[in-house]
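Visitor: All I have is the shape, not the residue letters:
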C-alpha cells in the first residue's frame, strides 16, 4: 500500500534520499526491531551501517567529516527513519544537535569530528534542570540531576549552559568522577533510546572541560534536537496511519474490505490529514531555518521557542493518530503482533521525551 502522505522532497537529491532511507528502514531496521527492544539500544552493526551509508552524519558540516546536508534534508531523513524506529531517529538527532553546537568552536571541533565519525553523544540542556553549583576553593561543584535523557547509551554528553558557565558548554563522559549515568529507566515505548537520568554528585566543573559558547550555537543545538523530535513524531504518525490503512484494506467483512465502508474510510482520510499537517509543519519550520549556521543569536533563540511548540504539537498528533490507528484495528490493535501496538507506545514515550527536552 502506498504511503498515506505526500513526502515533501523538493529536489532530486532529496527524492533519492527518501528512496535510500525507505529501503534502509525496510531491509535493516524493521527486521531488527525485536533486537532493539530486547537490548534497549541500537545494535552496533546497525549503527555502523548508518555510518557506512552516510546517514549518521548526513547533516553535519563537511569540515568535521559530515555530509554537509542542510536542515530540511536532515528533517526529512529523520522522519523517514522514524517510520521504522523513532529511537533511532532521536539518536541521530542528538548527534546532529551536539555537532551544531560544537562545530563553531575551536575547543569543540575535535569532539564534533568524533561524533561525525560515529561516537554516540547526547545533548543535555541544563538551563532549567535542577542542578546547582556550589563554590569551593578548587572551583564550582555540581549537584543535582537531569531526570530524563533519551540518548542514554551516549559515550559523550554535551552540557548546555551548566551552572557556573553562563552561556557556555561542557563535555562529559561516564568516566568523569561525580558524573553518573543512572540505570536504564522503564518506560512505555521508544525501545532503543536507553533512557536514563543524568546525575551530578559532587562533580567538579573543571573536570567537565567547560568552555564558552555563543548563544546562537546553543540555540542551534536546541533547534536541531526539537525538530528531530518533531520529525520522529511525524514518522510514527505516518507509520501508524499506513498500518491502519493496510489493515482496513486487507480485512474483509460485509462482502468487501473494511476500507470501503464509508465511516471507516472517512476516519482513515481524517487520520491521513492529521499526519500530513504534522509533516508539513515540521518541513515548514525546517525550511525556515535552512540557513541555521548563519542565524543571529536573538533569531535563533526565537526559533528555538517556535520549534519547541512544533515538537509539542507533533508529538501530541502522533499520540492521537496512534490511538485512532489502534481503534481502527479493533481488538487486534492491542496485540504485539500488530505494529500499531508498538507505535502507540512509542508516541506516548516520544511525547514525554520532547517535554523533557523543553
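Guide: On my side now, so go ahead. No experiment lies behind these values; they were computed from the predicted model shown.
Visitor: CA atoms for contacts and neighbours, from now on please.
Guide: Fine.
Visitor: Isn't residue 216 up against residue 292?
Guide: No - between residue 216 and residue 292 there is no contact under CA atoms under 8 Å: 9.4 Å.
Visitor: Only the buried residues of stretch 299-315, if you could.
Guide: Residues of stretch 299-315 classed as buried: 300-301, 303-308, 310-315 (neighbour count, 16 or more other CA atoms under 10 Å).
Visitor: Tell me which of the residues you listed fall in strands.
Guide: Nothing among those maps onto strands, per DSSP state E.
Visitor: and of these, the nearest to residue 162?
Guide: Nearest to residue 162 among the buried residues of stretch 299-315 is residue 301, at 17.5 Å by CA to CA.
Visitor: show me the contacts for the closest one.
Guide: Applying CA atoms under 8 Å, 6 or more residues apart in numbering to residue 301 gives the contacts 215, 216, 219.
Visitor: Any chance you could list what contacts the helix or strand hosting residue 23?
Guide: Taking DSSP states H and E as the definition, one finds residue 23 inside helix 12-24. Defining contact as CA under 8 Å, 6+ apart, one finds that helix 12-24 is touched by 9, 73, 76, 77, 80, 81.
Visitor: Count the neighbours of the second one for me.
Guide: Using other CA atoms under 10 Å, residue 73 has 25 other residues around it.
Visitor: hang on, it is in a strand, isn't it?
Guide: No - going by DSSP: H, G, I helix; E, B strand; the rest coil, the assignment for residue 73 is helix, not a strand.
Visitor: I figured it was touching residue 57, is that so?
Guide: No - applying CA under 8 Å as the test, residue 73 and residue 57 come out as separate, 11.9 Å apart.
Visitor: Ramachandran angles for residue 191?
Guide: Per-residue torsions, residue 191: phi -60, psi 130 (degrees, to the nearest 10).
Visitor: now the stretch 251-358 of the chain, which segments are flagged as low pLDDT?
Guide: For the stretch 251-358 of the chain, the stretches with pLDDT under 70 are 288-291.
Visitor: Go again with 90.
Guide: Across the stretch 251-358 of the chain, the ranges flagged by pLDDT under 90 are 251-304, 330-331, 336, 357-358.
Visitor: do you know how far residue 131 is from residue 161?
Guide: According to CA to CA, to the nearest Å, residue 131 stands 11 Å off from residue 161.
Visitor: now do residue 351
Guide: From residue 351 over to residue 161 the distance is 24 Å, taken as CA to CA.
Visitor: Now the helix or strand hosting residue 111: buried residues?
Guide: Secondary structure assignment for residue 111, by DSSP H and E: helix 109-116. Across helix 109-116, burial judged by 16+ other CA under 10 Å covers 109, 111, 112, 113, 114, 115, 116.
Visitor: For residue 224, the count of nearby residues, please.
Guide: Residues lying near residue 224 (other CA under 10 Å) number 28.
Visitor: distance of it from residue 30?
Guide: Distance of residue 224 to residue 30, given as CA to CA: 25 Å.
Visitor: again, but for residue 173
Guide: For residue 173, the distance to residue 30 - CA to CA - is 31 Å.
Visitor: For stretch 147-155, which outside residues touch it?
Guide: For stretch 147-155, the external contacting residues (CA under 8 Å, 6+ apart) are 41, 90-91, 94, 119-122, 124, 173-174, 181, 184, 193-198, 353, 356.
Visitor: now do 7 Å
Guide: 91, 119-122, 173, 193-198, 353, 356 (CA atoms under 7 Å, 6 or more residues apart in numbering).
Visitor: between these, which is closest to residue 324?
Guide: Lowest distance from residue 324 to the contacts of stretch 147-155 (CA to CA) belongs to residue 353, with 21.3 Å.
Visitor: burial count for that closest one?
Guide: The local packing of residue 353 (other CA under 10 Å) involves 20 other residues.
Visitor: can you check residue 119 too?
Guide: When neighbours are counted by other CA under 10 Å, residue 119 registers 16.
Visitor: Return the residues in contact with it.
Guide: Counted by CA under 7 Å, 6+ apart, residue 119 has contacts residue 155.
Visitor: picking up where we left off before, make JSON lines from the buried residues of helix 109-116 and add pLDDT and distance to residue 322 to it.
Guide: As requested, those are exported to JSON lines (pLDDT from 0 to 100; distance: CA to CA, whole Å):
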{"residue": "109", "pLDDT": "91", "distance to residue 322": "40"}
{"residue": "111", "pLDDT": "92", "distance to residue 322": "38"}
{"residue": "112", "pLDDT": "94", "distance to residue 322": "36"}
{"residue": "113", "pLDDT": "95", "distance to residue 322": "38"}
{"residue": "114", "pLDDT": "94", "distance to residue 322": "37"}
{"residue": "115", "pLDDT": "95", "distance to residue 322": "33"}
{"residue": "116", "pLDDT": "95", "distance to residue 322": "33"}
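Visitor: can you give me the helices in this protein?
Guide: Secondary structure of the chain, counting by DSSP state H: helices at 12-24, 33-39, 44-52, 71-82, 86-102, 109-116, 215-250, 262-288, 297-328, 339-357.
Visitor: Could you pull up the mean pLDDT of the second one?
Guide: Rounded to a whole number, the mean pLDDT of helix 33-39 is 89.
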